[in-house]
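S.K.: Make a model of this:
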Amino acid sequence: MDTSATTSRIENFRVEPEDEGGRLDRYLAIHLPDLSRTRVQELIAQGRVRVSGETARSSHRVTAGERIEVEVLDRPRLDAEAEEIPIELLYEDDDIVVVNKAAGMVVHAGAGETHGTLVNALLHRLGTLSEAGGAIRPGIVHRLDRGTSGVLIVARNDEAHRALADQFQERHVDKYYLALLHGRVAENSGSITLPISRDLVRRTRMTTRRREGREARTDWRVLLRFTGFTLVETRL
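M.R.: Reported below is the predicted structural model:
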């Protein structure tokens, strides 16, 4: 990780009556929309947030009239670093590797995660990857969320990276997921066509509850039904 100099700014707020009683971290995540709630919590834990001149916890309930000062410190620039981490390669040639990403593993550094990433593991295993994705995401053409397990195609050189990126851009690649849902899904199949956008409160999550957003479609079909659960296959 590159620990070169970072920049900071000071933000000041005065709690209004309509905001009284809310958690400090949630209040700041709403009033600092460029920061995720996770980043806000990091700044609070580092002592860079003061309420009426005193440091406070994320769980502090704000009171009308309180003055809040936040030192917003930019994170240092991140670079991927090779780490010896066990991974499962499903396929490998001179241009690409296909890897089975485990649930709980972050694909690349970011949002406070710098170690234990899939990229770091691949760099240790393979030595080099495509540079087209940048210093943080070498070789990464597409990704999976931290909690999702599944297959990723990774580029070993720039030519392969561009070819794969074009295939994803032109939607020549089909993505299928298996999901175990709470409850019983009544119908056997269907489609979800709601727009997807950033959750305004939980900034690291996406939501379909806002009217605006990116057009999206997910087709699904039921595979198995259990007591209290339904296993579905989805195609994005």
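S.K.: tell me the domain ranges of the protein?
M.R.: Domain assignment for the chain, taken from automatic domain parsing, gives 8-73, 88-173, 177-235.
S.K.: With respect to Glu81, which of the ones you listed lies nearest?
M.R.: Closest approach to Glu81 among the domains of the chain (Cβ to Cβ): domain 88-173, 5.7 Å. Bear in mind the C-beta positions are built from the backbone N, C-alpha and C, glycine included.
S.K.: tell me how far the closest one is from the chain's mean position?
M.R.: Relative to its parent chain, domain 88-173 has a centroid offset of 15 Å by Cα atoms, centre = their mean, to the nearest Å.
S.K.: end to end, how far does that domain reach?
M.R.: 22 Å (Cα to Cα, to the nearest Å).
S.K.: show me where pLDDT drops low in the chain?
M.R.: 1-6, 75-79, 111-112, 203-204 (pLDDT under 70).
S.K.: Where is the longest strand in it?
M.R.: For the chain, the strand with the greatest residue count under DSSP state E is strand 218-226.
S.K.: Would you mind writing the CA trace of that one as CSV?
M.R.: Coordinates of each C-alpha in strand 218-226 appear next as CSV, following Å, rounded to 0.1, in the frame of the first residue of the first chain:
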residue,chain,number,x,y,z
THR,A,218,-33.1,-10.2,-13.6
ASP,A,219,-34.9,-13.3,-14.9
TRP,A,220,-35.4,-16.0,-12.3
ARG,A,221,-36.8,-19.5,-11.9
VAL,A,222,-37.4,-21.7,-8.9
LEU,A,223,-35.2,-24.8,-8.7
LEU,A,224,-36.2,-26.2,-5.3
ARG,A,225,-38.6,-25.4,-2.4
PHE,A,226,-37.8,-26.1,1.2
